[in-house]
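[1] Give me a model of this one.
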Amino acid sequence: MKVVVFGASGKAGRTVALTLLAAGHQVTAFGRDPAKLPAHKGISIRAGDAMNAADVASAVAGQDAVVVSLGDSRNPVLLKLPGAKRPPPSNICEMGTANVIAAMAAASVKRLICITAYGVGDTRDRLSPTFRLWFRALQLREQLADKERQETLVKASGLDWTLIQPVGLTDGAATGRWLASTSGDRRKRTISRVDLADFITQVLEGGGYLRETVVLSQLAISERDFATQAA
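    Okay, the predicted model is just below:
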């Protein structure tokens, strides 16, 4: 399968690109800074800006599927300090995804996997008080609003989409133990990026979760088996 990963310079996107490559897929890694894209034999590097429709259209052409991992994981508080690098636009998820959707429609590419965040859209009202305080402390309101608009666009796209809402992402090892819930349930508050990438690879290969929102969280050690909860 030919797959382009938008946002492949970020930790989640990079991990997804490398995992898809390891599974035998033809991967194109798209990002603004080619130096930050995964320099691995077998991965096609495509430098470009998701806010530029022409860059996006060129990357989407000829693909079988698209993974969107756009966003800004940096702490908004730190970005206000002297010398901080210019952050991505505050609507990078919304506008970048709008460009992806338009490019997919023009190129007749139907399969879209979009990574958003637990606590927006379908799961906005399921956030625990702890999560709400954490998001407020980190001043993530702007980023979450961008994710909300992104999800609205994806749902209205007419594509074969899957929205994936991971809980807090970590650099931990692969466990292969997660709950993929279409009813908004979760287990632990974190999951590794490697497990997220493994799940995305399985979804692309299996063709499941069409036009569904999936909350992905790690199972507790006491829960023995891989769990999938249907709506």
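[2] pLDDT weak spots in the chain?
    Filtered on pLDDT under 70, the chain yields the residue ranges 72-88, 127-140, 222-231.
[3] for the residue most central in space within it, what are its contacts?
    Central residue check for the chain by Cα atoms, centre = their mean: the C-alpha nearest the mean position is that of Ile115, 2.3 Å away. With contacts defined as Cβ atoms under 8 Å, 6 or more residues apart in numbering, Ile115 is in contact with 12, 16, 67-69, 164, 166, 196, 200. C-betas here are computed from N, CA, C, even on glycine.
[4] 10 Å instead?
    By Cβ atoms under 10 Å, 6 or more residues apart in numbering, the contact set of Ile115 is 5-7, 10, 12-13, 16, 67-71, 93, 147, 150, 162-166, 169, 196-197, 200, 216.
[5] Pairing partners for it in the sheet, please.
    Beta-bridge pairing for Ile115 (DSSP bridges): Ile164.
[6] How much space separates it from Cys93?
    10 Å (Cβ to Cβ, to the nearest Å).
[7] what touches both of these two?
    Common neighbours of Ile115 and Cys93 are listed as 7, 68-71, 147, 150 (criterion: Cβ under 10 Å, 6+ apart).
[8] Rebuild those residues as JSON lines, extending it with neighbour count, distance to Asp49 and secondary structure.
    Output for the shared contacts of Ile115 and Cys93, formatted as JSON lines (neighbours: other Cβ atoms under 10 Å; distance: Cβ to Cβ, whole Å; DSSP: H, G, I helix; E, B strand; the rest coil):
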{"residue": "Gly7", "neighbour count": "27", "distance to Asp49": "11", "secondary structure": "coil"}
{"residue": "Val68", "neighbour count": "27", "distance to Asp49": "14", "secondary structure": "strand"}
{"residue": "Ser69", "neighbour count": "29", "distance to Asp49": "15", "secondary structure": "coil"}
{"residue": "Leu70", "neighbour count": "27", "distance to Asp49": "11", "secondary structure": "coil"}
{"residue": "Gly71", "neighbour count": "21", "distance to Asp49": "14", "secondary structure": "coil"}
{"residue": "Lys147", "neighbour count": "25", "distance to Asp49": "19", "secondary structure": "helix"}
{"residue": "Gln150", "neighbour count": "29", "distance to Asp49": "17", "secondary structure": "helix"}
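[9] Output these as CSV; include the columns distance to Ser58.
    Formatted as CSV, the shared contacts of Ile115 and Cys93 follow (distance: Cβ to Cβ, whole Å):
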residue, distance to Ser58
Gly7, 16
Val68, 16
Ser69, 19
Leu70, 17
Gly71, 22
Lys147, 25
Gln150, 21
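[10] What segments of this structure are helices?
    11-22, 53-60, 76-79, 92-107, 129-137, 141-155, 193-206 (DSSP state H).
[11] For Asp122, which of those is the nearest?
    helix 141-155 (8.0 Å; Cβ to Cβ).
[12] Packing partners of the closest one?
    helix 76-79, helix 92-107, strand 111-115, helix 129-137, strand 160-166, strand 212-218 (3 or more Cβ pairs under 10 Å, 6 or more residues apart in numbering; DSSP states H and E).
[13] of all the ones you listed, which lies closest to Leu37?
    Taking Cβ to Cβ, helix 92-107 is the member of those nearest to Leu37, at 15.8 Å.
[14] Who are the packing partners of the closest one?
    Using 3+ Cβ pairs under 10 Å, 6+ apart: helix 92-107 touches strand 2-6, helix 53-60, strand 65-68, strand 111-115, helix 141-155, strand 160-166.
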